[in-house]
Structures are given as C-alpha cells and as structure tokens.
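S.K.: Fold the following, please.
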Amino acid sequence: MAAEAWNRTALLVIDMQRDFIENEGPMLVKGGKEIVPNVIKTVQVARQRGILIVWVVREHDPLGRDVELFRRHLYSTGEVGPTSKGSPGAELVDGLVIREGDYKLVKTRFSAFFATHLHSVLQGAGINNLVITGVQTPNCIRQTVYDAVALDYQPVTVIVDATAAATPDIHLANVFDMKNIGVATPTLQEWTDFKA
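M.R.: Numbering: from 1, shown residues only. Take a look at the predicted model:
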C-alpha cells in the first residue's frame, strides 16, 4: 500500500471500555482483556503511519432511555447502568488514550454506523479503507464491518488478534463469516509488517 493510502485509512477502536474489558465489568467480554496489548500496539502503528484513529464508544443515558430494549433491565435498579455517560465504566481501559487529532464517536447500538455520523466524518476526511479492533466480534465488530462493506469501504480489515469475543470459538466463527464477504483478517504482526 502506498504511503498516501494510509491517509485514506481509519482505525476504528471499538468498545475498549472498562465495563467491557475489566474483570468486574457488568458487560465483560471474556476475551477482551487479552487483546488490550495488541490494541495498544495497533494504535501505536496507526499513529506512526498517520492513520486517523476513531475511538468508538458506547455512552448511555444513566436511566437507560437510549439502550436497546433487551438491556433496559440493567438500568432500572436505580444504579448507574453499564457505560453510562460520565461513569468510570464508560472510560477507556488503561493504556488507551484519545489524543489531539483523534476522533471520538459515541454510539448506542452495535454498529458504529447506525444512527451516528461516522460515514459523513469518514467521507469528509477522504477515508475509504477501514481497520477494525476491539470487542466484541459477534456484535459490535461484526455489525460495523457488515455496514462498512455495505457502504463500499474497501478494504475492510479486522485485526484478528486485536478483536475478541466471549470465547475463541465464537470469535473464529465470526471471523470466518467476515472473511467470506471479502474482509481482510491479518494478525497484528502481519498488518504491522505490511509495508507502505
């Protein structure tokens, strides 16, 4: 890939928040903690290449008014619900930091494209290549990837060891499905070694 192609690439870091990654998190993705070092490394490589970094996070109304119906019960106890705006659980895990020039996108559903302005932001920046990391593969990763493919982003790349699900089997089954629709699925090392 020519160096100028990195300028047309964005890295989406999806849902790497305390409530999804840390052991006591109410929405724990069991495979999430193991990928944190690879997500950190992917961000470092992206910064070196001049790739736009988009931090895709869930932030919900503390009362759960913008949460999917199947999750509303998590917000009805009078306690702060998972990834509520301003809560510690909505923060990025240690080692991941939003820097000047990065873009933070708040979503309330699985896909980073659903009911957000992500597509407009990417188009405005001349982005047509996406690299995806984060959690979790069958939900937010998969939905975002399928929407990206439907919107004709090319290529769409999922770093297989910088994404995770509750179990390795679930992760690999979803990676298999994404690969079948033309998504590139390199390891972090393979993506890092790819020369511009």
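
S.K.: Work out the gap between stretch 71-89 and the centre of the chain.
M.R.: Centroid separation for stretch 71-89 versus its chain: 20 Å, with CA atoms, centre = their mean, to the nearest Å.

S.K.: What of stretch 116-133?
M.R.: Averaging C-alpha positions (CA atoms, centre = their mean) puts stretch 116-133 13 Å from its chain's average.

S.K.: helices or strands up against the longest strand along the chain?
M.R.: If you go by DSSP state E, the chain has its longest strand at strand 156-164. The contact analysis (3 or more CB pairs under 8 Å, 6 or more residues apart in numbering; DSSP states H and E) places strand 156-164 against helix 32-49, strand 129-135, helix 142-150, helix 168-179, helix 188-193. For glycine as for every other residue, the C-beta is placed from the backbone atoms N, C-alpha and C.

S.K.: at 10 Å instead, please
M.R.: Helices and strands touching strand 156-164, as assessed by 3 or more CB pairs under 10 Å, 6 or more residues apart in numbering; DSSP states H and E, comprise strand 9-14, helix 32-49, strand 129-135, helix 142-150, helix 168-179, helix 188-193.

S.K.: Dump those into CSV; add distance to Leu122 as well.
M.R.: Converted to CSV, the helices and strands packed on strand 156-164 look like this (distance: least, CB to CB, whole Å):
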stretch, distance to Leu122
strand 9-14, 6
helix 32-49, 15
strand 129-135, 8
helix 142-150, 9
helix 168-179, 19
helix 188-193, 19
